[in-house]
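Take a look and give me a structure for this.
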Amino acid sequence: MKKILIIEDEKMLGEMYRDKFIQTGFDAVLVETAEQGIEATRKEKPDLILLDILLPRTNGIGFMQWLKKEKEFSSIPVIAFSNYDDTKTKKEAAELGIKDYLIKTNYTPQEIVDKVKSYLKN
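The predicted model follows:
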């Protein structure tokens with residue numbers, strides 16, 4: 001069973017995505033901050049990380065900067081999902097290795113699950 005780490009500070013939204021992944025046959029772990037995401041990455045060793053960009057304290061870009069430096073985890077694919085549609089941030093995310101940058105309002109939860117599945121097949 002593939003494990004997805006969801007880093008999302010909007011509790012209701014995060015729980016909805018976690019439940020959707022679980023219903024679809026994934027093991028899904030939800031945390032609300034980048035700092036918790038770092039702990040969970042170390043503990044859970046997820047197959048893929050779904051990362052919100054706008055987070056309290058350390059944002060998603062800060063999380064990616066940490067991840068890129070960590071040899072053990074730097075190959076974990078990360079998909080950003082955010083409503084922050086900013087060209088500079090998207091470029092920075094891409095430079096840090098984010099596989100895709102999805103605008104939440106443009107995708108249904110099922111479409112997000114389908115995107116994640118497509119990245120896990122590769």
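
Please identify the helix or strand for the residue nearest the centre of the chain.
Geometric centre of the chain, nearest residue: residue 50, 1.6 Å, by CA atoms, centre = their mean. Following DSSP states H and E, one finds residue 50 within strand 48-51.

what lines up beside that strand in the sheet?
Strand 48-51 sits in its sheet next to strand 3-7 (parallel), strand 78-82 (parallel), going by DSSP bridges.

can you list the ones you listed in TSV and add mean neighbour count?
C-betas here are computed from N, CA, C, even on glycine. Shown next, in TSV, are the strands paired with strand 48-51 (neighbours: other CB atoms under 10 Å):
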stretch	mean neighbour count
strand 3-7	24
strand 78-82	24
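
can you redo those as JSON lines with mean pLDDT and distance to residue 117?
Output for the strands paired with strand 48-51, formatted as JSON lines (pLDDT from 0 to 100; distance: least, CB to CB, whole Å):
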{"stretch": "strand 3-7", "mean pLDDT": "98", "distance to residue 117": "10"}
{"stretch": "strand 78-82", "mean pLDDT": "95", "distance to residue 117": "11"}
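
ok so, going back, which positions within the strand holding residue 50 qualify as buried?
48-51 (16 or more other CB atoms under 10 Å).

thinking in terms of the whole chain, how far from its middle is it?
Put simply, strand 48-51 sits 2 Å off its chain's centre (CA atoms, centre = their mean, to the nearest Å).
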